[in-house]
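Asker: Provide a 3D model corresponding to the input given below.
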Amino acid sequence: MQNAEALLGIIRERGRKGLPLERLFRCLFNRDLYLLAYGRIYRNDGAMTPGITAETWTACA
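Answerer: Residues are numbered from 1 along each chain as shown. The predicted structure follows:
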């Protein structure tokens, strides 16, 4: 099994190129992938916003 950093790099590159992902279910067994992904989301300032505001609602509508 590949390490989580390499796996996320492969997924990112395939996404940039617009290529499909195959056998993605195998990645679900990699515990380190979840921890690495969560660590990246947690550090994101936008991930902890309180919710939708009138300004963001009108932008989506």
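Asker: need the longest helix for the protein.
Answerer: Using DSSP state H, we find that the single longest helix of the chain is helix 4-17.
Asker: just the mean pLDDT for that one, thanks.
Answerer: Average pLDDT, helix 4-17: 89.
Asker: contact partners of the helix or strand following that helix?
Answerer: Next in sequence after helix 4-17, counting helices and strands by DSSP states H and E, comes helix 31-42. Applying C-beta atoms under 8 Å, 6 or more residues apart in numbering, the contact partners of helix 31-42 are Asn3, Ala4, Glu5, Leu7, Leu8, Cys27, Ala47. (C-beta placed from N, C-alpha, C; glycine too.)
Asker: could you tell me how far the fourth one is located from Arg16?
Answerer: Put plainly, it is Leu7. 15 Å (C-beta to C-beta, to the nearest Å).
Asker: and what of the first one?
Answerer: As defined by C-beta to C-beta, Asn3 lies at a distance of 20 Å from Arg16.
Asker: neighbour-wise, which of these two wins?
Answerer: A direct count of neighbours by other C-beta atoms under 10 Å for Asn3 and Arg16 places Asn3 higher, at 12 against 8.
Asker: who touches that one in this structure?
Answerer: Asp32.
Asker: at 10 Å what do you get?
Answerer: Counting by C-beta atoms under 10 Å, 6 or more residues apart in numbering, Asn3 touches Gly9, Asn30, Asp32, Leu33, Leu36.
Asker: and those residues, which are buried?
Answerer: Buried subset of the contacts of Asn3 (neighbour count, 16 or more other C-beta atoms under 10 Å): Leu33, Leu36.
Asker: could I get the contacts of Asn3 as a markdown table with distance to Leu21?
Answerer: Output for the contacts of Asn3, formatted as a markdown table (distance: C-beta to C-beta, whole Å):
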| residue | distance to Leu21 |
| --- | --- |
| Gly9 | 13 |
| Asn30 | 14 |
| Asp32 | 18 |
| Leu33 | 13 |
| Leu36 | 17 |
